[in-house]
Every structure is written in structure tokens, then in C-alpha cells.
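S.K.: no sequence for this one, just the structure:
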Ligand SMILES: [Zn+2]
């Protein structure tokens, strides 16, 4: 309701400049739809716009290294979660603003410019001024870098944007700058300049989380190199994105895609629930400069480029198989939250004891380990339970967790024993064998 009433308050501002007639600024907060955030009136972030082939550079100000590089600004996607620094570009708290130079591959008839941001709080609103040049001639970098406030800079103010009156939505904010109300053009341009300001000047961390900049010239463009969709058996489709990590594209194409094509349908078949349908479409995105290994949020798998680059011969593919389990799980969050050792234990059971070959399987140090150590230790314990009590026990465990019905009693229901007793049984049996 809050979002709806804020939408009702959406403002449409108009501003005249000398270069083109009356650019119109439309702005809107996203609502949560069936497939994720949706903008009721404005288009979703596009991956077929002229921005794909644009070069975006920060020519003034400083990027916050906790966020992503400028590459996220034309990858065709809104951030995958409400507060996902790695999916957004934002400026450092040390600067008051900065300027992004957008260089199109060739002069284009610009119909509209759209900008997308996503943050649940003070970093959601957008404040910037958009400048264009009268000339489409190639300009030198130092010429382009002159302050647009300087009247000889060659830059002309197109319009100013301030979405603060809309408030903020965890689902995202979109702005569209158009010429008039129809198919009019904002002019023929090679260069655009976005002069970004802090949301609130006195809020040190008030730098907007920008997800995407789209430049619409009325034509369809190829998706950015590194984006591809894999259609697999059972009507499933996986969208891969290595736009930020082109060095990983050959590995994704040759190694990862066949593994996903084989294992996603297998995992779906292994973890069913009555009336439940696993996601038909999801994304696997590799991010440059991301720390950690990988995570899954809803139908977005996000992988840390640097870690994958260093582990292509080793654990890289298995780490994605682990995330595929999370895509299939779609456990409900909230009150009846499944303990994470069960969630991760199931993912690592599938990964290490179904997908990985025998010789790679982890060994457990029984002097220190416990059943709720999570990941591979719990995975090894679940493997023992699957071998001794039947593999369907994992299907049932996953089903309970997906319904939000997992409790300690689940173990008694499935095996007639407590989880502590099952663990002792496992430790004893392994010790006898070794
Ligand atoms: Zn996990």
C-alpha cells in the first residue's frame, strides 16, 4: 500500500533547454511482481538498447570499491536484491558527486535515457543532471572532462532529475527522460554526461546505488557480449552473464553450460514437493571485483569472478552445482526458517556426494566435527543417512524445509531417531571402517 500511494504521488516534471524541446522526466518506484520487481508504467532495464555498445567511464569523482564497476551500468539488469552493493555502481562517501561519461559506439538518435537504482533506504533516490553535446564529432578526453558548468565546455544541460519526492522502494527506482510525449527524439548524440549528486548532501553514505543506464534509440541491439541463454531439457532456461568477466566466457561455454544442462533437471527431479514447480528461468552472473565465492538470491545466482578465475581447474563447477540446489530449493523465509546447516548440508550433499567424483569427496575430522557444522560436514552426514536410510530421506527433508515445516522432530519422523543419535551412529560406523 505504501508503494502504491507513493506512486500516486509520482511527479512528471518538464524543463526546457535551448538544445531540444521540452524533455519530460518520468519517475517511478517498482512493485514486486511474480517474476521480481516490476515498474507499472516504465520499461524494465533493457539488454537490447544502444547503451550495450556504449563505453561508460567515471571522469570525475571516485567509485566506492565496495560496489561494482561501471560494467553493471549497461549489463541490462536491475540489481538482484534490495541491498546488493555488488550489483550496483555507487560513488565513494568521500566525494559529493561525480560525472559519468557515456560514449555511444556511433552518433545515435536518442529517443530516451533511462536510469535505474535499487536500495531499500537512503541510497535509492536518484539526483543527477544530464548533459549532451551539440556536436556529434569525436571529442578529446580532456575536452569531455571539462566541468559542464563552464559555459565553454561544449556540454548543454538537457534536464535535471531528483526522485526524492517519490520516497524509496526496496524493489527499485526508475527514471525515464524523453522528448515530449511521443516518438520525438532528444537529438542525435555521441556523448552524454551524467553529473551525479549525493541524495542528501549531509548524509555521508547517501550515494545512490545505480543499477543500469539504458539509452533507447528505437532500435534493437545485440545483448552485451558475454550474455547468452541456455535452453535445456524440461523447458528450463538459464541466462549466463560474463559481461564483467570476459576471461571466464570460454570456461562458461565449454565446461559450465553442459554441467548445468545435465544437473539442473536432475536436481529438480531429486527435490520435488507436491504442487511445487522449480524456477523455469534463472540467471548465473559473474561479477568482477566481488569477494567470496557465490550466493543465490531468488532466481539469481551471483558468482565472484576473482575466486572462479583461480579455481577453474578445481572447485569452480561444483560451487555452481551447489548454488543450483538453492535455486531448486526456494525455501520460504521468515518465521519457520530452516536452520542454515540443513539448507547448506543439502546443497553440499548433492554437490559432493552426487555430483563430484568419489576421489574429490571431503573427509570429516570426527574429533572436532558435529552434525550442524554445515556445508561439507553436514553433507557427508546426509550422505551416510541417504546410504543407510534410503536416498528419499533427503527428498523428504528438503520437502519439509521448503514448506517451512522443518523441526528437530523431523528426524524422528523420518528415521525414528534423534539427529544426535543418528550422528553418533554415523561417527561409530565411519570409525569402524577406518
Ligand atoms: Zn549455499
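M.R.: Right, received. Where do you want to start? Quick caveat: nothing in here was measured; it's all calculated off a predicted structure.

S.K.: Run through the helices of the stretch 201-350 of the chain in chain order.
M.R.: With helices called from DSSP state H, counting those that start in this stretch, the stretch 201-350 of the chain shows them at 249-251, 257-270, 305-310, 316-329, 340-350.

S.K.: Just give me the neighbour total for residue 41.
M.R.: 11 (other Cβ atoms under 10 Å). Every residue, glycine included, has its C-beta placed from N, CA and C.

S.K.: Can you tell me how far the residue nearest the centre of the chain is from the ion?
M.R.: In the chain, the centroid-proximal residue (Cα atoms, centre = their mean) is residue 80; its distance is 3.2 Å. Residue 80 sits 16 Å away from the ion, going by Cβ to the ion, to the nearest Å.

S.K.: same deal with residue 317?
M.R.: With Cβ to the ion as the criterion, residue 317 and the ion are 15 Å apart.

S.K.: The chain against the ion: which residues are in contact?
M.R.: Applying Cβ under 5 Å from the ion, we find that the chain lies next to the ion at 344, 347.

S.K.: Could you pick out the longest strand of the chain?
M.R.: strand 97-109 (DSSP state E).

S.K.: Show me what the helix or strand just after that strand is packed up against.
M.R.: Next along the chain after strand 97-109, taking DSSP states H and E as the criterion, comes strand 112-117. With contacts taken as 3 or more Cβ pairs under 8 Å, 6 or more residues apart in numbering; DSSP states H and E, strand 112-117 sits against strand 173-179, strand 210-216.

S.K.: how about the first one: buried residues?
M.R.: In this case it means strand 173-179. 173-179 (16 or more other Cβ atoms under 10 Å).

S.K.: and which of these is nearest residue 232?
M.R.: residue 174 (31.6 Å; Cβ to Cβ).

S.K.: That closest one pairs with what?
M.R.: Beta bridges link residue 174 to residue 28, residue 116, judged by DSSP bridges.

S.K.: what's the spacing between the residue nearest to the centre of the chain and residue 29?
M.R.: 18 Å (Cβ to Cβ, to the nearest Å).

S.K.: can you check residue 376 too?
M.R.: 42 Å.

S.K.: could the helices of the stretch 201-350 of the chain go into TSV alongside mean pLDDT?
M.R.: Converted to TSV, those look like this (pLDDT from 0 to 100):
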stretch	mean pLDDT
helix 249-251	95
helix 257-270	98
helix 305-310	96
helix 316-329	98
helix 340-350	97
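
S.K.: Which of those sits closest to residue 138?
M.R.: It is, among the helices of the stretch 201-350 of the chain and with distance given as Cβ to Cβ, helix 249-251, at 29.8 Å.

S.K.: Go ahead and confirm residue 411 touches residue 419.
M.R.: Yes: if you go by Cβ atoms under 8 Å, residue 411 and residue 419 touch, sitting 4.4 Å apart.
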